[in-house]
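Peer 1: Provided below are the primary sequence and the corresponding predicted coordinates.
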Amino acid sequence: MIDWLAPKYLGWLLSGFGVTVALATAASAAATLLGFMLAIARNSAHRGFARPAATFVALMRNTPLLVQLFFWYFGVAALLPPGAIQWLSQAHVWHVVFFDIRWPTLETLAGFIGLTIYTTAFIGEEIRAGLRGVPAGQTNAAAALGMRPLAIFRYVVLPQAVRIAMPPLFGQYMNVVKNSSLTMAIGLAELSYASRQVETETFRTFQAFGIATLLYIGAIAVIEALSMATTHRHAAAPSR
Amino acid sequence: MQNKNRPPRARLAVPGIAAALLSIAALVPLAAHADKLDDIKKAGVLRVATFDSNPPFGYVDAKSHKIVGLDVDYAKALADKLGVKLELQPTNPANRIPFLTSKKVDLVLANFTITDERAKQVDFSIPYFSSGQQFLAKKGTLSSPDQLSALRIGADKGTTNEITLREKFPKATIVAFDDTPFAFAALRTGTVQAITQDGPKLVGLLANVPDKQNYEIPAFTISNDYMGVGLPKGEPRLTAFVNDTLRDLEKDGTAANIYERWFGPKSAQPLPRLFKIGDKV
């Protein structure tokens, strides 16, 4: 009754999955880096850092990701000078010793920027919660030992904060994988986009969306396993 | 309760009666082999099924309250050629074939796309109208199909347009959007250089754009649907009459005039005429 999909269409789904994994990985990495900076800025005693950081978090968390993606793809593109869009949408290749670096498509670029900036707000808050979770006594004790503020942060506060923030961070990485499906609205050919395309051409709705669902579950399961592994390792370590 | 039960039972009987009538009707042509063309002439009336809500092909005119449109003009021309009165029967896509097979009408002129599947049940004339997959681009960026491979083209996700474009121009970069307005937004911001849709739909889209003078619909199609006159099966004289009349209408310029009236530069949906009767048989 249920026919299998032709290899060509499985190929489409797999290549879409590749884009999803690449996009989610890149956005997660970039958002983690930016999230650290955001958390530090929000924790800063200096208002010039803390205020804009808080505003950014509020702005990102209170608007839907889909609207933000439309903003980056349609809105910002309209603000750029006309030549810029043309340059950005052309294929550029840089030859670096062993391999070529290809310029991403405009959709990939907008999707990556949108997903990264949105995720940064959430990851930043998780890391801030981690930093807050380290008791003030730790900082005081380290200071009493004569450690400099930067060393206190690097060797005393940060390792403990990361340990606290780790489980919710993995939750955010799972969200990135799922949120990446929204980029199909701006024409980024990731897994959801590919499953829609396969469905259109084959009319095999169950197979197309079924395989896409399994691939998403697989990706989330890998993150889950990573989370379990790191949490267990930390649980084994002596607690504070 | 008794009363409530009665109407469904009565309804159930209808298909049975219809089936009986149909089987009788199927025998009639064998018994009295009258030619449809002669029948129409004798009756003095040409009965044509046409759309009443599909402008500009067939729709009710707000002023005259009569059905008008491109299809109606062709129906009128056929009736005039026969020297009989025209009687229009409003229809919808699902009823077009039943109207013909049940002999309620003599012809169907209702934006009727010729397909192999339909041709099993009814006969078709040569096409008198064609609607094709076309493109909308900023002025001066696109003039011929061989430029498509180098462009980024916006399409509607889940449409045959996207599939056709990918099959015919595998090198073109296709970006699929949820609907035509999104694709058009991408064209406006320059992230795609052209968008694709059926010609009449692009014309309708462009009609509402404030800076429409900056855009154009290049005069070529990459695939076509052909619309013909639907005829009852096995009426060679009637079919020949319709085909000959359509060719004559092209020859004497009437076909061009009809097109001009509904799709000319002064019409609500200007679209260049890329297809002439006789281009495809």
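Peer 2: Structure's in. What do you need? Predicted model only: the values in this text are computed from it and were never measured.
Peer 1: And the contacts of stretch A:140-154?
Peer 2: Residues outside stretch A:140-154 that contact it (CB atoms under 8 Å, 6 or more residues apart in numbering or on different chains) are A:139, A:155-156. Every C-beta, even on glycine, is put in place using the N, C-alpha and C of the backbone.
Peer 1: Who does the worst-scoring helix or strand of chain A on mean pLDDT pair with, and is each partner parallel or antiparallel?
Peer 2: Each helix and strand of chain A was given a mean pLDDT (mean pLDDT, DSSP states H and E); the minimum falls on strand A:99-102 at a mean of 76. Partners of strand A:99-102 in the sheet, by DSSP bridges, are strand A:93-96 (antiparallel).
Peer 1: related to what we said a few turns ago, buried among the contacts of stretch A:140-154? Make that a ChimeraX selection.
Peer 2: Buried residues among the contacts of stretch A:140-154 (16 or more other CB atoms under 10 Å in any protein chain shown), as a ChimeraX selection:
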select /A:139,156
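Peer 1: Distance check, residue B:87 against residue B:162.
Peer 2: Distance, residue B:87 to residue B:162, by CB to CB, to the nearest Å: 42 Å.
Peer 1: In terms of neighbours, single out the busier of these two.
Peer 2: Taking other CB atoms under 10 Å in any protein chain shown, residue B:87 and residue B:162 do not tie; residue B:162 has more neighbours (22 against 14).
Peer 1: isn't the more buried one right next to residue B:175, touching?
Peer 2: No. In this structure residue B:162 lies outside contact range of residue B:175 using CB atoms under 8 Å: 9.8 Å.
Peer 1: Now list whatever residues contact both of those two.
Peer 2: Shared contacts of residue B:162 and residue B:175, counting by CB under 8 Å, 6+ apart, come down to residue B:155.
Peer 1: does the residue most central in space within chain A belong to a helix or a strand, and which?
Peer 2: In chain A, the residue lying closest to the centroid (CA atoms, centre = their mean) is residue A:28, at 2.9 Å. For residue A:28, the host element (DSSP states H and E) is helix A:7-43.
Peer 1: Report the distance from that helix to the chain centre.
Peer 2: 5 Å (CA atoms, centre = their mean, to the nearest Å).
Peer 1: list the buried ones in the helix or strand just after that helix?
Peer 2: As assigned by DSSP H and E, the chain's next helix or strand after helix A:7-43 is helix A:47-61. Neighbour-count burial for helix A:47-61 flags A:49, A:53, A:56-57, A:60 (criterion: 16+ other CB under 10 Å).
Peer 1: so what's residue A:209 closest to, chain neighbours aside?
Peer 2: Excluding its sequence neighbours, the residue lying closest to residue A:209 (CB to CB, 6 or more residues apart in numbering or on different chains) is residue A:195, at 5.4 Å.
Peer 1: ok, and what's touching the helix or strand where that neighbour lies?
Peer 2: Secondary structure from DSSP H and E places residue A:195 in helix A:191-202. Residues outside helix A:191-202 that contact it (CB under 8 Å, 6+ apart): A:5-6, A:9, A:12-13, A:15-17, A:19-20, A:180-181, A:183-184, A:187, A:189, A:204-205, A:207-209, A:211-212, A:215-216, B:157-159, B:162-163, B:176.
Peer 1: Sitting in helices, which of these do you find?
Peer 2: A:9, A:12-13, A:15-17, A:19-20, A:205, A:207-209, A:211-212, A:215-216, B:162-163 (DSSP state H).
Peer 1: Just the buried ones out of the residues you listed, please.
Peer 2: If we count by 16+ other CB under 10 Å, the ones in helices among the contacts of helix A:191-202 have these buried: A:9, A:12-13, A:16-17, A:19-20, A:207-208, A:211-212, A:215-216, B:162-163.
Peer 1: what's the farthest-apart pair in those residues?
Peer 2: Greatest spatial distance among these (CB to CB): A:216 and B:163, at 25.1 Å.
Peer 1: for the closest residue in space to residue B:229 that isn't next to it in sequence, what are its contacts?
Peer 2: Leaving aside its sequence neighbours, residue B:229 sits nearest to residue B:125 (CB to CB, 6+ apart; 3.9 Å). Residues near residue B:125 by CB under 8 Å, 6+ apart: B:228-229, B:231, B:239, B:242-243, B:246.
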